[in-house]
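Engineer: Fold the stuff below for me.
(one chain, ligands or ions: 2)
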Amino acid sequence: MPAAVAENPKIKATSAIPYTLYFGTFIHTPELTTSEICFNTLVGVDSRGEIDYIEKDFEPADGQSPVEYFKEQKKMSCQPQGGSEIDDENIVFVDYTSEPAKFFFPGFIDTHIHASQFPNIGIGLDTPLLDWLNTYTFPLELQFSVKDQSEQEAKFKFAKHVYSKVIQATLENGTTCASYFTAIDAGTTNLFADLLVEMGQRGYVGKVCMDHNEPCPAYSESLETCRKSMDSIISHISKVNPPREHLVEPIVTPRFAPVCSTPMLDYLGEISARDNLPIQTHISENKQEIELVAELFPDCESYAQVYNKHHLLTKRTILAHAIHLTQKECDLVAEKQCSISHCPTSNTFISSGEAPVYKYLYQDKINVSLGTDISGGFDVSILAMVKYAILVSHHLSMKPAQANGVDCKLSMTDGLYMATMGGARAVGLANLVGSFAVGKRFDAQLIDLDVQGARTDVFSWQVPKSGDLLPVKEKKMEDLLGKWIFSGDDRNCVSVWCNGRLVIDKRKPTKN
Ligand code: GUN
Ligand code: FE
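Structural biologist: Numbers count the residues shown, from 1 in each chain. Ligands and ions are numbered 1, 2, ... in the order given. The predicted structure is shown next:
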């Protein structure tokens, strides 16, 4: 790690973590069909940001302090291998049990977002994909390219301005991990990786690779330049990522087949295998795009086969959109254990179509996660993606011809799973994040449905009370989850922890 990063106390991803014991309601979706609501739960997070203790339904005996109880339990049990020693005097205790409209939830994982397109949010409604790219997207992304030394300072200033805004906005919306597309340029991509470390967000960093682009030739690169850029990014990230952590990692990013030659796709498949790197790309987003791919790759029987032929379909591949896949392509994607990133706002905003997500999850058994796809999508919030994914699925179900006799409606649990564990599986971190479990990192958000200024209105009888029977408490909490998904937003996300570190804190008094 460069000295400047290691020594700077302002760098969030390397700041010290005091042992912290959290006490409150914890909600997560560890499995596709399972939402778990855990009341009165103690969660201990050690100095590496790892959860090393969970006790559900803890009812302190009269006069007993949860911290004293925890210390006794810890003394009686063996410390886990490699677990850090706890300094008894310095345990931080965070207790929300007296505030029933507050709960902890795993941090969201955005599996498809273009950091460089943040300034274009809301621009280009109903412009079909290929026109949208040429008119709005390529000209903006070109602004990040440093052509010669004289413009470097101005370009870096521009990139820093845009990139810090996107990281801040996603963090404020509870996104603790994201798989990012930057732009074609290596220098500003490396700057983006530095900003992730500085601001403490977990992220995959993908420079877009594209060696021909007929409508906008200025926005393309030679294969040689691409190789040099990838070498620079892989080397830079290996230095800024804190040792033995999965905080910032490179991801191989062929933008999409129409702008990549066969030699470039070959090269990208090779470096992914050589360095064990994840892959992200776009697939089957728009019908015109699919026709173009068929023209450009006449020897491949489908869009998915183009990627497969170049060894780009792996269990660490994220395929964005995947709206119009044939059944054979679904079978291939399932066989290769790739994940799909469903981007409901983008698919609607630029009229690309409605992805049959329920079928992918339950019939094809494909892992599906959620992507904001800024700026095809207009909202940085993964909570909003949960809402829109559910709404799009309801629209599909109202068109029986398209539904094909298969149930289409996604549940709240489906949506929350895709936003957390589905995302964790997509980025290859299912053992590390996405739910609360001993051995996982504490990537989490504190939700307050009663916070001042929020749109969520919670009435006193809707809140779980200590005297309520467990099924009553659970039903009330499920209803509150509905309020959160359908009327909540970033105002309800009051604190965010990434790898055990508090990276966002906007706590205000509750309404009453
Ligand atoms: N296909 C190729 N590039 C892009 C992009 O930037 N956004 C979307 N939505 N689709 C793409
Ligand atoms: Fe995209």
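
Engineer: Might you enumerate the residues of this structure proximal to ligand 1?
Structural biologist: 114, 129, 133, 137, 255-256, 282, 285, 346, 373, 376 (CB under 6 Å from any ligand atom). From N, CA and C alone the C-beta is placed, and that goes for glycine too.

Engineer: Any chance of a markdown table for the residues you listed, columns pLDDT and distance to Cys177?
Structural biologist: A markdown table is the format used below for the residues of the chain next to ligand 1 (pLDDT from 0 to 100; distance: CB to CB, whole Å):
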| residue | pLDDT | distance to Cys177 |
| --- | --- | --- |
| His114 | 98 | 16 |
| Leu129 | 97 | 26 |
| Leu133 | 98 | 26 |
| Thr137 | 98 | 24 |
| Arg255 | 98 | 22 |
| Phe256 | 98 | 23 |
| His282 | 98 | 20 |
| Glu285 | 98 | 23 |
| Ser346 | 98 | 19 |
| Asp373 | 98 | 16 |
| Gly376 | 97 | 20 |
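
Engineer: now the helix or strand where Lys359 lies: mean pLDDT?
Structural biologist: Element membership for Lys359 (DSSP states H and E) is helix 357-362. Taken as a whole, helix 357-362 has a mean pLDDT of 96.

Engineer: In it, which of the residues would be classed as buried?
Structural biologist: 357-361 (16 or more other CB atoms under 10 Å).

Engineer: which strands and helices sit next to the following helix or strand past it?
Structural biologist: Counting by DSSP H and E, the next helix or strand C-terminal to helix 357-362 is strand 367-370. Counting contacts by 3 or more CB pairs under 8 Å, 6 or more residues apart in numbering; DSSP states H and E, strand 367-370 packs against strand 108-114, strand 339-342, helix 357-362, helix 382-397, helix 412-419, helix 421-426.

Engineer: ok, now with 10 Å
Structural biologist: strand 108-114, strand 317-321, strand 339-342, helix 357-362, helix 382-397, helix 412-419, helix 421-426 (3 or more CB pairs under 10 Å, 6 or more residues apart in numbering; DSSP states H and E).

Engineer: Export it to CSV, keeping only CA atoms.
Structural biologist: Taking C-alpha atoms only, strand 367-370 is exported to CSV below (Å, rounded to 0.1, in the frame of the first residue of the first chain):
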residue,chain,number,x,y,z
ASN,A,367,-28.5,-16.4,-9.2
VAL,A,368,-30.1,-13.0,-9.7
SER,A,369,-28.9,-9.7,-8.0
LEU,A,370,-29.9,-6.1,-8.5
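
Engineer: And for Ala16, nearest residue in space, chain neighbours not counted?
Structural biologist: Nearest residue to Ala16, sequence neighbours excluded (CB to CB, 6 or more residues apart in numbering): Ser47, at 7.1 Å.

Engineer: and the one you found, what helix or strand is that in?
Structural biologist: Using DSSP H and E, Ser47 sits within no helix or strand.

Engineer: go on, the one 10 residues further on?
Structural biologist: With secondary structure defined by DSSP H and E, Asp57 is part of neither a helix nor a strand.

Engineer: and the residue nearest to it when sequence neighbours are not counted, what pLDDT?
Structural biologist: Using CB to CB, 6+ apart and skipping residues adjacent in sequence, the residue nearest Asp57 is Asn40, 5.6 Å away. Asn40 carries a pLDDT value of 95.

Engineer: quick one: Asn40 from ligand 1, how far?
Structural biologist: Computed as CB to the nearest ligand atom, to the nearest Å, the Asn40 to ligand 1 distance reads 44 Å.

Engineer: That residue falls within a strand, correct?
Structural biologist: Yes - under DSSP: H, G, I helix; E, B strand; the rest coil, Asn40 sits within a strand.

Engineer: Next, count neighbours for it.
Structural biologist: 17 (other CB atoms under 10 Å).

Engineer: from the chain's centre, how far out does stretch 252-260 sit?
Structural biologist: 21 Å (CA atoms, centre = their mean, to the nearest Å).

Engineer: CA atoms only for that stretch - export them in CSV, please.
Structural biologist: This file holds the C-alpha atoms of stretch 252-260, laid out as CSV (Å, rounded to 0.1, in the frame of the first residue of the first chain):
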residue,chain,number,x,y,z
VAL,A,252,-12.6,-7.7,-16.2
THR,A,253,-15.1,-5.6,-18.1
PRO,A,254,-15.7,-6.2,-21.8
ARG,A,255,-18.3,-3.4,-22.2
PHE,A,256,-20.5,-5.6,-24.5
ALA,A,257,-19.9,-7.8,-27.5
PRO,A,258,-20.7,-5.1,-30.2
VAL,A,259,-17.6,-3.0,-29.2
CYS,A,260,-15.1,-5.9,-28.7
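
Engineer: Leaving out sequence neighbours, find the closest residue to Leu370.
Structural biologist: Leaving aside its sequence neighbours, Leu370 sits nearest to Met385 (CB to CB, 6+ apart; 4.2 Å).

Engineer: What's the separation between that neighbour and ligand 1?
Structural biologist: 14 Å.

Engineer: Let me see the contact set for that residue.
Structural biologist: Contact analysis of Met385 by CB atoms under 10 Å, 6 or more residues apart in numbering lists 108, 110-112, 341-346, 369-373, 377, 379, 415, 418-419.

Engineer: buried set for the helix or strand containing Glu295?
Structural biologist: Assigned by DSSP H and E, Glu295 belongs to helix 287-296. By 16+ other CB under 10 Å, the buried positions in helix 287-296 come out as 289-290, 292-293, 296.

Engineer: try stretch 26-44
Structural biologist: 26-29, 32, 35, 37-44.

Engineer: nearest spatial neighbour of the residue of the chain found nearest ligand 1, skipping sequence neighbours?
Structural biologist: In the chain, the residue that lies nearest ligand 1 is Gly376 (3.3 Å; CB to the nearest ligand atom). Leaving aside its chain neighbours, Gly376 sits nearest to Ser346 (3.4 Å; criterion: CB to CB, 6+ apart).

Engineer: for Glu285, same thing?
Structural biologist: His321 (3.8 Å).

Engineer: before we move on, what about Leu292?
Structural biologist: In this structure, Leu292 finds its nearest non-sequential neighbour in Pro258, 5.1 Å apart by CB to CB, 6+ apart.

Engineer: Let's verify the one you found: helix, strand, or coil?
Structural biologist: Strictly by three-state DSSP, Pro258 counts as helix.

Engineer: Let me know the distance separating it from Val386.
Structural biologist: Separation of Pro258 from Val386 (CB to CB, to the nearest Å) stands at 31 Å.

Engineer: When those two are compared, which one has more neighbours?
Structural biologist: Val386 (27 against 21).

Engineer: thought the more buried one was touching Met418?
Structural biologist: Yes - Val386 lies in contact with Met418 (CB atoms under 10 Å); the separation is 7.4 Å.

Engineer: quick one: common contacting residues for the two?
Structural biologist: 370, 410.

Engineer: Could you check how far the residue lying closest to Tyr358 once chain neighbours are set aside is from Thr420?
Structural biologist: Spatial nearest neighbour of Tyr358, chain neighbours left out: Cys408 (4.8 Å); criterion: CB to CB, 6+ apart. For Cys408, the distance to Thr420 equals 22 Å [CB to CB].

Engineer: Between these two, point out the one with more neighbours.
Structural biologist: The neighbour comparison of Cys408 against Thr420 (other CB under 10 Å) goes to Thr420, with 28 against 21.

Engineer: thought that one was touching Val433?
Structural biologist: Yes - between Thr420 and Val433 there is a contact under CB under 10 Å: 8.2 Å.
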